[in-house]
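[1] okay, sequence plus prediction incoming.
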Amino acid sequence: MAAEDPSVSGVSGRYATALFELARDEQSVDQVRTDLDKFEALLNESADLKRLVRSPVFAADAQLKALTAVLDKAGIAGTSAKFLKVLTANRRLFAVADVIRAYRALVAKFKGEATAEVTVAEQLSDKNLDALKAALKSVTGKDVALNVKVDPSIIGGLVVKLGSRMVDSSLRTKLNSIKNAMKEAG
């Protein structure tokens, strides 16, 4: 399965494929995705956890002990916790972000979902998120999961990447277009 999807390759692809197949066999695909999302959120919030994950300075047993404490506190258990511990024991925890991304791609393919990367200037309301999902579903014919990033530098509007397609309706891009048109005219 990993060979069919170019976004699921290399070390992270092999680990994600193994985790996906195990989760599918255990019928815990959604639980594992939820746990991995929770771990990724912790990773994004904590510089110390990022350092623990990325730094080769920590010995495997120290890294495993610290990770176990983090997982216990976050309530991540079962297959997800065992998997993260295996990554640690194999000295591959540094690749966890890529493994999570590859796992999401496998789940989306399995469920017939598409994933859109959406960049907005400020957080969208639930109503706007639902409207965006509905619009993307009407275009793709699939359920669309949204990965929303907030980037105030786009000023307004949004940028949507869905597969190989990208729609940039950000105010920053429109202002840059006007600026370039004025340079050419004057």
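    Received, thanks. Residues are numbered from 1 along each chain as shown.
[2] where do the strands of this protein begin and end?
    Assigned by DSSP state E, the chain shows strands spanning 113-120, 143-150, 158-162, 165-168.
[3] elements contacting the last one?
    Spelled out, it's strand 165-168. strand 158-162 (3 or more Cβ pairs under 8 Å, 6 or more residues apart in numbering; DSSP states H and E). C-beta: built from backbone N, CA, C; applies to glycine.
[4] which helices and strands does the strand it packs on pack with?
    Applying 3+ Cβ pairs under 8 Å, 6+ apart, we find strand 158-162 packed against strand 113-120, helix 126-140, strand 165-168.
[5] adding mean pLDDT, write these out as CSV.
    Output for the helices and strands packed on strand 158-162, formatted as CSV (pLDDT from 0 to 100):
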stretch, mean pLDDT
strand 113-120, 89
helix 126-140, 91
strand 165-168, 90
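[6] coming back round to it: let's have the strands of the chain in CSV, adding distance to T68 and mean neighbour count.
    Rendered in CSV, the data for the strands of the chain read as follows (distance: least, Cβ to Cβ, whole Å; neighbours: other Cβ atoms under 10 Å):
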stretch, distance to T68, mean neighbour count
strand 113-120, 30, 19
strand 143-150, 28, 14
strand 158-162, 36, 18
strand 165-168, 41, 12
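[7] hang on, the earlier thing: could I get the helices and strands packed on strand 158-162 as a markdown table with distance to V159?
    What follows is the helices and strands packed on strand 158-162, written out as a markdown table (distance: least, Cβ to Cβ, whole Å):
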| stretch | distance to V159 |
| --- | --- |
| strand 113-120 | 4 |
| helix 126-140 | 12 |
| strand 165-168 | 5 |
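[8] those: which one's closest to L71?
    The minimum distance between L71 and these falls on strand 113-120, with 25.4 Å, by Cβ to Cβ.
[9] so that closest one versus strand 158-162, what angle?
    Counting by axes from the mean of the first three to the mean of the last three Cα atoms, to 10 degrees, strand 113-120 lies at 160 degrees to strand 158-162.
[10] tell me where the chain is predicted with low confidence.
    Within the chain, the stretches with pLDDT under 70 are 1-7, 186.
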